[in-house]
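Chemist: need a 3D model of the sequence below.
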Amino acid sequence: MDATSIFIIGILITGALAVLGIFTVAFKRGPSAGPVTIQELDVKARQADEASRAMKAEQRATDDEVTVAAVATVVEAPPEATADPLTDQIEVTVSEYNVTRRQFFNRALLAVFGLFLLQFALASLAFIWPKLRGGFGTPVNVGNLEEIKRETKGVGNRNNGSTAAEVMAVKKEWLDEWAPQFTSVETPLNQYRIIWDLMHLVDRSNTIITHDAGSPRDQLAPFWESVAPRTYQGWGKSTQLGYGLGLTMGAKLAEPDKLCVNIMGDAAIGMVGMDLETAVRNELGILTIVLNNGAMAIERDTMPIAIEKYGSVYQGGDYRAVAKALGGWGVRVERPEEIVPA
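Modeler: Predicted coordinates for the structure are as follows:
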């Protein structure tokens, strides 16, 4: 048996002893160092129940005496009472039911937790010891090599460049379909034109870029081509508008010599725009591109009534002036030929 197997067995034994110790302490612990133990709580609960029942019985007796005294001259003897299954209760002693609800709940929790630990231990053992013979680290038979060759028609891993060429051909066809968007000269500006010009202007190996929530993510993610590791910060829809600004400031702190860019919409900067002052105060030279189309365009189909009544998707503002007022630099670009110079 090698050192790895001994180490794994030691971990399993230690875990089993720890679980055994936990259960032993849980079932056979002495008086608690705290203000009250579970057993003491059970006793107090029973005492409180008994006191409550005695008080109710005494109150019923007092009420009956008052009622009888008040109407003794006009009320005849009542008929013999019959049992009511909905209101009549049968007292059960502690010795009859033995376990209080709190004790039952605690023990049920311990039992469920114990079963979970047992299942986890068995699954871990099955993972590191897949065969019943041979011990840990035994080779596992994954199939016959000749059978695999027959299933793959003898091709196997085609490390001959044909796959890459096929992918490039499909990609070129796809990019050709989008080419009119990348080179658009329309105004207001096409967002894809902005991203395309930026990608071919900056040194991507020395640039860290991120999008924001909403449309900027959908516009940047498919077309931005990273050429070096850790130069693209991508994230999903689980984060709020404006999150990209903080990511970019963090990237600049981690990589001060790189150009750090975040692309956001006007709704996103409306959430976090004042944090531009944070970048100024900490001397973080980041580049923030705001796609200011005056609306949350991606929400137009989901809230038609709110748009009609309250114009809920529309917003506006001079974000360049906001950046300057907070100590930053800003420029407004309105025509395609102004993108690269800016």
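
Chemist: residue contacts, Leu287?
Modeler: Contacts for Leu287 (Cβ atoms under 8 Å, 6 or more residues apart in numbering) come out as Leu259, Cys260, Val261, Asn262. Quick note: C-beta positions are derived from backbone N, CA and C, even for glycine.

Chemist: if we go to 10 Å?
Modeler: Leu198, Val202, Thr207, Ile209, Thr248, Lys252, Leu259, Cys260, Val261, Asn262, Ile263, Trp329 (Cβ atoms under 10 Å, 6 or more residues apart in numbering).

Chemist: one more: Ala16?
Modeler: The neighbours of Ala16, taking Cβ under 10 Å, 6+ apart as the test, are Leu117, Leu118, Ala121.

Chemist: now, which of those residues sits nearest Val272?
Modeler: Nearest to Val272 among the contacts of Ala16 is Leu117, at 44.7 Å by Cβ to Cβ.

Chemist: I'd like to know which elements the strand of greatest length in the chain is packed against.
Modeler: Assignment by DSSP state E gives strand 259-265 as the longest strand of the chain. Applying 3 or more Cβ pairs under 10 Å, 6 or more residues apart in numbering; DSSP states H and E, we find strand 259-265 packed against helix 191-201, strand 207-210, helix 215-220, strand 232-233, helix 243-254, helix 266-272, strand 287-291.

Chemist: who wins for proximity to Leu110 among the ones you listed?
Modeler: Closest among those, once you apply Cβ to Cβ, is helix 243-254, at 42.3 Å.

Chemist: what mean pLDDT does the closest one get?
Modeler: What helix 243-254 shows for mean pLDDT is 95.

Chemist: what about Ala51, how many residues nearby?
Modeler: Neighbour count for Ala51, taken as other Cβ atoms under 10 Å: 10.

Chemist: tell me the confidence at it?
Modeler: In this model, Ala51 carries a pLDDT of 75.

Chemist: how about the one 4 residues further on?
Modeler: The predicted structure scores Met55 at 77 on the pLDDT scale.

Chemist: to what extent is it buried, counted in neighbours?
Modeler: A count of nearby residues for Met55, using other Cβ under 10 Å, gives 10.

Chemist: so Ala254 makes contact with Thr231?
Modeler: No. Between Ala254 and Thr231 there is no contact under Cβ atoms under 10 Å: 12.0 Å.

Chemist: any low-confidence regions in the stretch 101-250 of the chain?
Modeler: The stretch 101-250 of the chain contains residues with pLDDT under 70 at 101, 129-140, 142, 153-161, 237-238.

Chemist: try 90 this time
Modeler: For the stretch 101-250 of the chain, the stretches with pLDDT under 90 are 101-167, 188, 213-215, 234-241.

Chemist: list buried members of the contacts of Leu287 by neighbour count.
Modeler: Leu198, Thr207, Ile209, Thr248, Lys252, Leu259, Cys260, Val261, Asn262, Ile263 (16 or more other Cβ atoms under 10 Å).

Chemist: what's near enough to touch the residue nearest to the third one when sequence neighbours are not counted?
Modeler: Among residues not flanking Ile209 along the chain, Val261 sits closest, at 4.5 Å (Cβ to Cβ, 6 or more residues apart in numbering). Applying Cβ under 10 Å, 6+ apart, we find Val261 in contact with 198, 202, 207-211, 220, 233, 244, 248, 251, 286-289.

Chemist: for Gly330, same thing?
Modeler: Leu276, Thr288, Val290, Asp318, Tyr319, Arg320, Ala321, Val322, Ala323, Lys324, Ala342 are the contacts of Gly330 under Cβ under 10 Å, 6+ apart.

Chemist: show me the beta-bridge partners of the third one.
Modeler: Beta-bridge partners for Val290, by DSSP bridges, are Met264.

Chemist: okay, now it: neighbour count?
Modeler: By other Cβ under 10 Å, the residues close to Val290 number 23.

Chemist: and the pLDDT at it?
Modeler: Listed pLDDT for Val290 reads 94.

Chemist: is it true that it touches Val272?
Modeler: No. Look at Val290 against Val272 with Cβ under 10 Å: they stay out of range, at 11.4 Å.

Chemist: find the residues that touch each one of the two.
Modeler: Shared contacts of Val290 and Val272, defined by Cβ under 10 Å, 6+ apart, are found at Asp212, Met264.

Chemist: what number of residues lie near Pro304?
Modeler: Pro304 has 12 nearby residues by other Cβ under 10 Å.

Chemist: ok, Met296 - contacts?
Modeler: 214-215, 241, 265-268, 270, 302-303, 307, 312-315.

Chemist: quote the end-to-end distance of stretch 235-255.
Modeler: End-to-end distance for stretch 235-255, by Cα to Cα, to the nearest Å: 19 Å.

Chemist: off-centre distance for it?
Modeler: Chain-centre distance of stretch 235-255: 17 Å, with Cα atoms, centre = their mean, to the nearest Å.

Chemist: can you point out the buried residues in it?
Modeler: Leu241, Gly242, Tyr243, Gly244, Leu245, Gly246, Leu247, Thr248, Met249, Ala251, Lys252.
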